[in-house]
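J.: curious how this folds, go ahead:
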Amino acid sequence: MNKTILLERLQNERDRFELLLNQIGFARQLTMKGVLGRLTVKDLLADVLSREQFIADRLSEVLHGETYSPSTSFTALEKFQNEYGYPDYESSLTEKDKPHPYIIELYKNVALDEIVSQELAIYASIAEALNSLTHHQFLDHDLFHRIAEHTYRPYRRTSSAIQRWIKKTASESK
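T.: Purely as a prediction, here's the structure:
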């Protein structure tokens, strides 16, 4: 893979994700429980935001020549979370494919509009960082894989959960 293909894939996945969110429409629907267990679309957006923030910060570190190492102990994991405000998603001690309870609780009282605004800003910073990185930086830091893990794979997981929920609620209303 090269940077151009990654940027194209990221933008295509992002467009699909935003289209689905726009399809849901009303803010009331975005805060209804039951999308994934007791979670709402808002909860899932907060999870996407935190994962994007994670990779945006790692990209910034790469651009500034700083080094990141995944947490290898629960003490380090807790310290990381306290320092950054989100879990260390690349630690082997963190569950990768499920929304993190800490994030759900953290954003519980944050308005949906604020989550969307923050998420859009973080996405823009990711795109800007990607344009600034060299091909060698991508290779040296396994960024093709890592960017996918923290951007469009969560978009896909979230989209799948939302689509199942939409189908379920549509069949229940018939």
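J.: where do the helices of this protein begin and end?
T.: 3-24, 27-30, 41-63, 74-84, 101-106, 112-132, 135-140, 143-150, 152-172 (DSSP state H).
J.: which helices and strands sit right next to the fourth one?
T.: The elements that helix 74-84 packs onto, with contact taken as 3 or more Cβ pairs under 8 Å, 6 or more residues apart in numbering; DSSP states H and E, are helix 41-63. (C-beta placed from N, C-alpha, C; glycine too.)
J.: chain center to the helix it packs on: distance?
T.: Taking Cα atoms, centre = their mean, to the nearest Å, the mean C-alpha location of helix 41-63 is offset from the chain mean by 5 Å.
J.: got the angle between it and helix 74-84?
T.: Counting by axes from the mean of the first three to the mean of the last three Cα atoms, to 10 degrees, helix 41-63 lies at 90 degrees to helix 74-84.
J.: would you mark the buried spots in helix 41-63?
T.: 41-59, 62 (16 or more other Cβ atoms under 10 Å).
J.: what about it, average pLDDT?
T.: The average of the pLDDT scores along helix 41-63 is 96.
J.: packing partners for that helix?
T.: On a contact count with 3+ Cβ pairs under 8 Å, 6+ apart, helix 41-63 meets helix 3-24, helix 27-30, helix 74-84, helix 101-106, helix 112-132, helix 143-150, helix 152-172.
J.: and the ones you listed, which is most packed in?
T.: helix 143-150 (a mean of 19; mean count of other Cβ atoms under 10 Å).
J.: report the angle between that helix and helix 112-132.
T.: Helix 143-150 runs at 170 degrees relative to helix 112-132, counting by the same axes, to 10 degrees.
J.: cool, thanks, talk later.
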